[in-house]
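here is the input, now give the coordinates:
(chains A and B)
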Amino acid sequence: MEGLKVSKAELMVYLHPSKSKNVTQAIDNEFSSMLFKYDETFDGVLLAYSASTKNELGKILPGLNPYFGVKTQAQLLLFYPKPDMFLEGKVVKLGEHSIHIIVLGFSSATIIEEDIREEFTHKVKHGEEVYASTVNRRHKIEVGTIVRFQVKSFDEEILHISGSLLQPHTGSVSWLDKHAEDANAESNIKKRKGREADNISASVDEDSLSLKTDHKNRKSKKHSKGSSR
Amino acid sequence: MSCDLFQGDTEAYDDIIGNMHTNVRLNPDDVAMLVTILRGLSGAVSYIDVVHHRALLSSVCGMSLWNYGPDVMDALVELVVSLAASSGKFVDLCLDMLVSNFIPPYNFLEILKQPRGLAKKDQVLVRVHSALKGIADLVPLAPSRLEQIVRERVPNVFAKEAQIVVYVENMLMLAGGEMGHLVRDAMIFELVNRLVDLDVDIGWDEVLQDDPSKGIFEMELNDMARPVDESEMEMEEPQREYSGRKVLWGNVVAQKLDTLMVLTFDHLQSCYQSGRLDQVFKALLQSFQSTVLNAYKSKFAQFVMFYAFHLTPKIVGHNLLVSFLKSLQAPSIRKIGGRANMLLMHCRMSAVSYLASYMARAKFLSASYVTIILERSILATPQLKSQLCKMPLEQIFKHALNPLEVCLPSIVEEFLRQCDAAQLFRVSGTFAFHGLLESDLSRAFGGFERLDLFFPFDPYLLKKSDKFIRPNFIYWSMVRTTYDDEDEDEEVTSDEDEAEAGVSNGRGPMSFEDDEDGEDDEFDMNLNKMSITPRNSSMLKYEEQHRKMQMPSRIRPSTSPESL
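Purely as a prediction, here's the structure:
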């Protein structure tokens, strides 16, 4: 899953004079008040942190309340979903018009009808709603399934993601992973066989194509990770 | 629908919106139409745009569940839930709409207590709360928004009683509901804030418009002499008063507070019955420390705590006392600057008042328990203990600065009478403030009249919620004094009688299981006798030290608790 990073930060934390007795705790409080909220300076949602100060001296700001600044080094675990990233989450509700997903237990995501590729059709089986693939019978999305989807947009205020299942390698994670393994194994066999005969089936072609794009995406992900630091 | 809009033909769209605004005398066709529209919209939520469909959104949010039958309600609730889950932009809007449905429209306020109104209320609130839960399931951060919205929309002190009451009922439903673990603390905090708000709106002059020549004790005795008459309760005369007893009838604010107190007590009781009191208690204690304790002479809100202690006195009461004592013992008081110091002083004074008054009035606290608490928390420190033993009480009271002059005169009189009877000491000089409710000096010294006129757990004056407090409360008339009163029928007699009386009142003679070391023995023995008439002055020192901090009523229970 993309969208998670660990950042090292040098920050100046401004504390109220009344907090001067226990600075460590005050810094802790400052950070914990930012948890699960989007912060522009971090460009992401703070999920976890560890902060420390090396300098004993604070800088006092002039003013009515002489706030003082403390230099802090922190390691931050951030969640920063950006368009076109691939995220994973658990399906909590399915309907004819939408799929509702919760990512990492706190961020909600919705995939609307328009953004579900035509391969999936909505069915009601034994009173339970399911999105089933017409191409692969075993590829199903139901309540409780972990799905991989692409980010369309991210609402920073309420941490709501609008997602899509248009890309071919999106859908149920367990199926995708299993299928990728199978396809890998299969393609290895095919390679060996390929020397003997050149009759590669169309479906395998498709699969290897999707694997290639997946590979590319992973590469670009690494690249983007590096640059974001 | 949205296609029409972009093509400039908005007739159908306007028609839809128009349908949402008709809520009076709907015929079956209208209902069917409305349900169809709402269900259609729930299917199309992903196409609703926050800017382009502003009119539609505001109409949806303007609909009140109270105006419709079950079919429309269901469709509307379904729409709101799907709308909230469709995009982050609508979450606040939808939560706000649901919270606004906590309170019925004006025309429903009247019939809210009739069976018809109650049935409607059930129908609406069940749907509102299930919708809130539904949204929380899909949007995990929704409860934190909800918390904020609920706190912002609480009706103010001037709102109608029915509005406040139904809103608070909803808050308590949230706190006790499936999302309880997420929003409970905020709800309890807000509730206590509201109670304090209403509380401070009732002036002290309304409570204490009594004959100033009458002492506090006489007032209380009169209270007990007369059982409260139901027919009198119903009369809507402002400030009915009889022989010193005052119940705040006509006072509208007091009535509101009264009803909310009943709700709160009921909630606490249900929490207790379902074993959830511990969870609520933490929030309650925190909000007590941050709001009630600092509220200037709050009158009734503190009884929420009193009642909570009653439900589980052992664990809970101990928590309270320990936290009180911690705030009392704050050692670094001198290191902090002037203003902070003042605040801390006030906090200390309130804490002492609460602690003393609580121990004096709580019928469910056994005497042995009180002493154990005192012993463990104060006397455990050897320094404090020796200070207490050597306290030159007599010298202090007879000092030229005359500390007794800054206390409430009636209390001082009672105190001196008891001291005299117990042969502790005699004050030779007469106090010249007979007949005054408060002395001028106390105003000057105590600062903000704090020292002399604040007894947090004085008899409870709200009529409806009184039934929760009354059985657990010690009134002055139930207290036996150390002296023989001429006009009193009962006589203080032998020790056996007293012991018996103590048992019958739930305050048995004390026993100490844990004598830790020899040093403590002497002290324990003295404490042992605290609840029994002290005969010699040495043991009275502790008694008096103890009593100094509290309302004199907690001395000993009377032989005849017939008043209950």
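
in which helix or strand does residue A:9 reside?
Assessed by DSSP states H and E, residue A:9 sits inside strand A:4-15.

each with direction, which strands does that strand pair with?
Take DSSP bridges as the rule and strand A:4-15 pairs in its sheet with strand A:68-79 (antiparallel).

could I get the following helix or strand past the strand it pairs with in CSV with only the CA atoms?
Downstream of strand A:68-79, the first helix or strand assigned by DSSP H and E is strand A:86-94. The C-alpha coordinates for strand A:86-94 follow below in CSV (Å, rounded to 0.1, in the frame of the first residue of the first chain):
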residue,chain,number,x,y,z
PHE,A,86,-2.9,2.8,-4.6
LEU,A,87,-4.4,2.2,-1.2
GLU,A,88,-5.9,-0.8,0.5
GLY,A,89,-8.9,-0.8,2.8
LYS,A,90,-11.7,-2.9,4.2
VAL,A,91,-15.2,-2.8,2.6
VAL,A,92,-17.8,-1.9,5.1
LYS,A,93,-20.8,-1.4,2.9
LEU,A,94,-21.8,-2.3,-0.6
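
which elements pack onto strand A:86-94?
Contacts defined by 3 or more C-beta pairs under 8 Å, 6 or more residues apart in numbering or on different chains; DSSP states H and E place strand A:86-94 against strand A:98-103, strand A:107-112, strand A:128-133, strand A:146-155, helix B:115-138. No exception for glycine: its C-beta is placed from N, CA and C like everyone else's.

winner for burial among the ones you listed?
Ranked by mean neighbour count under mean count of other C-beta atoms under 10 Å in any protein chain shown, these are led by strand A:107-112, which reaches a mean of 26.

helix or strand right after that one?
strand A:120-125.

does that following strand come close to chain B?
No - Strand A:120-125 is not in contact with chain B by C-beta under 8 Å from any C-beta of the partner chain; minimum separation 11.9 Å.

quick one: pLDDT of residue 58?
You didn't pick a chain, so chain A it is. Looking at residue A:58, its pLDDT reads 78.

um, chain B though
Per-residue pLDDT puts residue B:58 at 89.

in the strand or helix carrying it, what counts as buried?
Secondary structure assigned from DSSP H and E places residue B:58 in helix B:54-62. Across helix B:54-62, burial judged by 16 or more other C-beta atoms under 10 Å in any protein chain shown covers B:56-57, B:59-61.

for stretch A:114-128, same thing?
Counting neighbours by 16+ other C-beta under 10 Å, stretch A:114-128 gives A:115-116, A:119-120, A:122 as buried.

any idea how far apart the tips of it sit?
For stretch A:114-128, the first-to-last residue distance is 21 Å (C-alpha to C-alpha, to the nearest Å).

pull the distance from it to the chain's centre.
23 Å (C-alpha atoms, centre = their mean, to the nearest Å).

and the contacts of that stretch?
The contact list for stretch A:114-128 (C-beta atoms under 8 Å, 6 or more residues apart in numbering or on different chains) reads A:94-96, A:99, A:129-135, A:141-143, A:152, A:162-168, A:170-171, B:46.

how about low-confidence regions in chain A?
A:189-229 (pLDDT under 70).

contacts only, for the residue nearest the centre of chain A.
In chain A, the C-alpha closest to the average C-alpha coordinate belongs to residue A:87, at a distance of 3.6 Å (C-alpha atoms, centre = their mean). Each residue near residue A:87 by C-beta under 8 Å, 6+ apart is listed here: A:1-3, A:81, A:103, A:109, A:148-151, A:161, A:163.

residue B:270 now?
With C-beta under 8 Å, 6+ apart, residue B:270 has these contacts: residue B:176.

ok, 6 Å please
Going by C-beta atoms under 6 Å, 6 or more residues apart in numbering or on different chains, residue B:270 touches no other residue.

any idea how far it is from chain A?
30 Å (C-beta to the nearest C-beta, to the nearest Å).

surely that residue forms part of a helix?
Yes - Residue B:270 forms part of a helix when assessed by DSSP: H, G, I helix; E, B strand; the rest coil.

helices or strands up against the helix holding residue B:58?
helix B:11-21 (3 or more C-beta pairs under 6 Å, 6 or more residues apart in numbering or on different chains; DSSP states H and E).

didn't residue B:302 look like it was pressed against residue B:456?
Yes - contact criterion C-beta atoms under 6 Å: residue B:302 and residue B:456 qualify, at 5.1 Å.

kindly write the PyMOL command that selects the buried subset of the contacts of stretch A:114-128.
Those of these that count as buried under 16+ other C-beta under 10 Å are selected in PyMOL with:
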select buried, (chain A and resi 94+95+99+129+130+131+132+133+141+142+152+162+163+164+165+166+167+168+170+171) or (chain B and resi 46)
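
give me the nearest residue to residue A:80, chain neighbours excluded.
Distances taken as C-beta to C-beta, 6 or more residues apart in numbering or on different chains put residue A:44 closest to residue A:80, at 3.4 Å, once the chain neighbours are dropped.

contacts only, for the one you found.
Residue A:44 touches A:78-80, counting by C-beta under 6 Å, 6+ apart.

what's opposite the residue nearest to the centre of chain A in the beta bridge?
residue A:149.

distance of residue B:46 relative to chain A?
Taken as C-beta to the nearest C-beta, the span from residue B:46 to chain A is 4 Å.

list the beta-bridge partners for the closest residue to that residue other than its chain neighbours.
Using C-beta to C-beta, 6+ apart and skipping the chain neighbours, the partner closest in space to residue B:46 is residue A:112 (3.7 Å). Residue A:112 forms beta bridges with residue A:98, as assigned by DSSP bridges.

walk me through the domains of chain A.
If you go by automatic domain parsing, the domain ranges for chain A are A:4-79, A:82-229.

got the residues of chain A near chain B?
A:92-93, A:97, A:100, A:102, A:106, A:108, A:110, A:112, A:155, A:158-160 (C-beta under 6 Å from any C-beta of the partner chain).

near chain A, which residues of the stretch 1-150 of chain B are found?
B:43, B:46, B:85-86, B:88, B:91, B:138-141.

got a winner among these for most neighbours?
residue B:139 (29 neighbours; other C-beta atoms under 10 Å in any protein chain shown).

residue ranges with poor pLDDT in chain B?
In chain B, residues with pLDDT under 70: B:1-8, B:204-250, B:313-345, B:366-393, B:402-403, B:405-409, B:422-454, B:477-564.

my guess is residue A:49 meets residue A:73, correct?
No - the pair residue A:49 and residue A:73 fails to qualify as a contact (C-beta under 6 Å) at a distance of 10.9 Å.

between these two, which one's more packed in?
For residue A:49 and residue A:73, the more surrounded residue by other C-beta under 10 Å is residue A:49, and the numbers stand at 21 against 14.

that's all I had, so thanks and see you.
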